[in-house]
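attaching a predicted model along with its sequence, questions to come.
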Amino acid sequence: MVVASGRSKEKRRKGMEIPTIDLSMERGELSERVVKACEEYGFFRVVRHNVGKEVIRRMEEESEEFFAKKTKEKRRAGPANPFGYGLSKIGPNGDMGDLEYLLLQANPLSISHTSKTIANHSTNFSCVVNDYVEAVKEVTCEILDLVVEGLGIPEKCALSKVIRDVHSDCVLRINHYPPLKQKNSIGFGAHSDPQILTIMRSNDVGGLQIYTRQGFWIPVPPDPNQFFVMVGDVFQVLTNGKFMSVRHRALTNTMEARMSMMYFAAPPLDWWIRALPMMVSPPQNPSLYKPFTWAQYKQATYSLRLGDSRLDLFKAQ
Ligand code: GA4
């Protein structure tokens, strides 16, 4: 294997442009672009979306207010297993990060639980979270509809209907990385997201990096007005490997606090995950993974460490 020299690797890295999807563009070309971005990068930024500035401003303000409270008070939002306030510990198997966070259920049926988690702090926060989730869900469904169109799938809402299902298992995560003296320490270690798609936005403090197919980490310049979309493991299975989930991580900053919020779009627990019919054509192009439910995949996810490759457990022979 030829390993690129430091300089040529750096040159290639600099030449990498993160794909931009302008949601105000005409649909035909747009759907092709979305599919290309998912295929080549598993990652893209979204501009000119329909999430109102006011919804974002209120969400940012309430979240900042929450994290500004004393730890003792924040802990009243409960330990984050599975939902609530978390500090340093990530997941149940010993992963740690230099951050604090809120993990909230984000489907219509569990929103009352979300409200209980954070209502101690302010009922206003619960309302703001609901508004934000509703708005981001719309962007997610728009993107999923574009992918379906771009892939030529006849049923227009084949994927968005899964997210709109009242039993969908979507999650909202708000991460807060306080500034640290030590430069570039790992705020959140390298991993791929297990769900279908992740829609992220942050304040104007950088830290997110994505791992490219070419084998290097590239920083994602922060922009509070944009959303960043990441392909998750389930999308990799649905497209039979045409899309691949993207590994990413977050580094901390020495000067300012980074705050990011992620909406993880997931199906209902009993939903069977298998390659979409048009993504397989045996014998040349057989299914790469065995079918499994989202509940089974979640169970595997929580039995492993953050950076582990969970999809390997579901490979077809
Ligand atoms: C990564 C993506 C989401 O943040 C998350 C995370 C979850 C958690 O923090 O509880 C996990 C992690 C994430 C994957 C492996 C397991 C589960 C921590 C962990 C070590 C909410 C999710 O769905 O999976």
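Okay, I see it.

where in the protein is pLDDT low?
Along the chain, segments meeting pLDDT under 70 span 1-15, 111-121.

what's the nearest residue in it when you look at the ligand?
The ligand sits closest to residue 91 of the chain, with a gap of 2.4 Å, by CB to the nearest ligand atom. From N, CA and C alone the C-beta is placed, and that goes for glycine too.

what's that residue in contact with, if anything?
By CB atoms under 8 Å, 6 or more residues apart in numbering, the contact list for residue 91 reads 302, 305-306.

can I get the buried part of the residues you listed as one PyMOL selection?
Entered in PyMOL, the line below selects the buried ones among the contacts of residue 91, by 16 or more other CB atoms under 10 Å:
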select buried, resi 306
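
mind checking which of the contacts of residue 91 are in helices?
Secondary structure from DSSP state H places residue 302 of the contacts of residue 91 in helices.

may I ask which helix or strand encompasses residue 261?
strand 258-265 (DSSP states H and E).

contact partners of the next helix or strand after that strand?
Under the assignment DSSP H and E, the closest C-terminal helix or strand after strand 258-265 is strand 272-273. Residues from elsewhere that reach strand 272-273 (CB under 8 Å, 6+ apart): 234, 237-238, 267, 291-294, 297.

try it again with 6 Å
If you take CB atoms under 6 Å, 6 or more residues apart in numbering as the criterion, strand 272-273 is touched by 234, 237, 291-293.

could you do stretch 239-259 as well?
Residues contacting stretch 239-259 (CB under 6 Å, 6+ apart): 38-39, 42-43, 98, 176-180, 183-185, 187-190, 192, 203, 205, 207-211, 230-233, 235-236, 275, 279-280, 288.

can you tell me if it touches the ligand.
No: shown here: stretch 239-259 not in contact with the ligand (CB under 6 Å from any ligand atom), separated by at least 9.8 Å.

repeat for stretch 69-82
No: using CB under 6 Å from any ligand atom, stretch 69-82 never reaches the ligand; the gap is at least 6.6 Å.

tell me the residues on this structure that lie near the ligand, please.
Residues of the chain lying near the ligand (CB under 6 Å from any ligand atom): 90-91, 93, 95, 103, 171, 173, 191, 193-194, 264, 301-302, 305-306.

mind checking which of these are buried?
Buried among these (16+ other CB under 10 Å): 90-91, 95, 103, 171, 173, 191, 193-194, 264, 301, 306.

from those residues, which land in helices?
Short answer: these in helices (DSSP H) are residue 301.

so which of the contacts of strand 272-273 is the most crowded?
residue 237 (26 neighbours; other CB atoms under 10 Å).

contacting residues for that one?
Going by CB under 6 Å, 6+ apart, the list of residues near residue 237 reads 273, 289.

chain center to the helix or strand containing it: distance?
Following DSSP H and E, one finds residue 237 within helix 233-238. Chain-centre distance of helix 233-238: 13 Å, with CA atoms, centre = their mean, to the nearest Å.

so what touches the helix or strand harbouring residue 29?
Assigned by DSSP H and E, residue 29 belongs to helix 27-40. Identification of contacts with helix 27-40 by CB under 6 Å, 6+ apart yields 19, 21, 44, 146-147, 149-150, 231, 242-243.

any buried residues in the longest strand along the chain, and which?
If you go by DSSP state E, the chain has its longest strand at strand 95-105. Of all the residues in strand 95-105, those buried under the rule 16+ other CB under 10 Å are 95, 97-105.

and that strand, what does it pack onto?
Contacts defined by 3 or more CB pairs under 6 Å, 6 or more residues apart in numbering; DSSP states H and E place strand 95-105 against strand 84-90, helix 111-119, strand 171-177, strand 186-191.

one more time with 8 Å
helix 53-67, strand 84-90, helix 111-119, strand 171-177, strand 186-191 (3 or more CB pairs under 8 Å, 6 or more residues apart in numbering; DSSP states H and E).

and the last one, what other elements does it pack with?
What that stands for is strand 186-191. strand 95-105, strand 171-177, strand 248-251.

relative to strand 84-90, how tilted is that strand?
80 degrees (axes from the mean of the first three to the mean of the last three CA atoms, to 10 degrees).

now swap in the fourth one and tell me
Our comparison of strand 171-177 with strand 84-90, counting by the same axes, to 10 degrees, yields an angle of 60 degrees.

if we can go back for a sec, now, which of the contacts of strand 272-273 sits nearest residue 220?
Using CB to CB, residue 234 is the member of the contacts of strand 272-273 that sits closest to residue 220, with 22.0 Å.

OK, contacts around that closest one?
By CB under 8 Å, 6+ apart, the residues touching residue 234 are 194-196, 266-267, 273, 294, 297.
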